[in-house]
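Novice: give me a 3D structure for the following:
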Amino acid sequence: MVEEEFVEILLVEDNPNDVELTLRAFKKHNLSNKVHVVNDGEAALDFIFCTGAYRNRDFQKPPKIILLDLKLPKIGGKEVLQRIKSDERTKIIPVVVMTSSQEEKDVFESYRLGVNSFVIKPVNFEKFVNTVAELGLYWMVINNPPKG
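Specialist: Predicted coordinates:
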């Protein structure tokens, strides 16, 4: 975990195995030094909106990308997505849903709510690691987001 002020990737994932695999993939591609992990929707919203345990975090330094699972404890991923994308201060933050759900209604609803990308987590270890690494490289290196 990194100092909250310098987070580039916010990983919102409740499965410890998926967290570990994701962090390993990022480390392998030198993307792991600025990742913060939360494991429920409430903590994700607290981090993003600088409330609760994160009330002292600088709101002017949002993560560059949010990797969001849909099935989360406390507050579900769709509600987290809806709150991020409905707030003028945060709607520009790219959000990528990473989920095991292959249901078309989840894909449709996520895009309706404003997700930037929807990725189904591969079950195969190698494919999972490669997918996460490619996501990280694309969003952190290749993508050119607006400044501010």
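Novice: what is the mean pLDDT for stretch 140-148?
Specialist: In this model, stretch 140-148 has a mean pLDDT of 78.
Novice: contacts for stretch 30-42, please.
Specialist: Outside stretch 30-42, the residues within contact range by Cβ atoms under 8 Å, 6 or more residues apart in numbering are 1-2, 4, 6-14, 16, 19, 23, 26, 44, 46-47, 52, 63, 72-77, 79-80, 133, 136-137, 140. Quick note: C-beta positions are derived from backbone N, CA and C, even for glycine.
Novice: just the buried subset of those residues, please.
Specialist: Neighbour counting with 16 or more other Cβ atoms under 10 Å marks 4, 7-14, 19, 23, 26, 44, 46-47, 63, 72, 75, 77, 79-80, 133, 136, 140 as buried within the contacts of stretch 30-42.
Novice: picking up where we left off before, narrow the contacts of stretch 30-42 to those in strands?
Specialist: Using DSSP state E, the subset of the contacts of stretch 30-42 located in strands is 9, 10, 11, 12.
Novice: how about the first one: what's its closest non-neighbour residue?
Specialist: Sequence neighbours aside, residue 35 is the residue nearest to residue 9 in space, at 4.6 Å (criterion: Cβ to Cβ, 6 or more residues apart in numbering).
Novice: give the contact list for residue 125.
Specialist: Residue 125 is in contact with residue 21, counting by Cβ under 8 Å, 6+ apart.
Novice: which residues in the protein form helices?
Specialist: For the chain, the helices defined by DSSP state H occupy 16-28, 41-49, 77-85, 104-113, 125-137.
Novice: and the angle for the last one with helix 16-28?
Specialist: Using axes from the mean of the first three to the mean of the last three Cα atoms, to 10 degrees, the direction of helix 125-137 lies 60 degrees away from that of helix 16-28.
Novice: average model confidence for helix 125-137?
Specialist: Averaging pLDDT along helix 125-137 yields 87.
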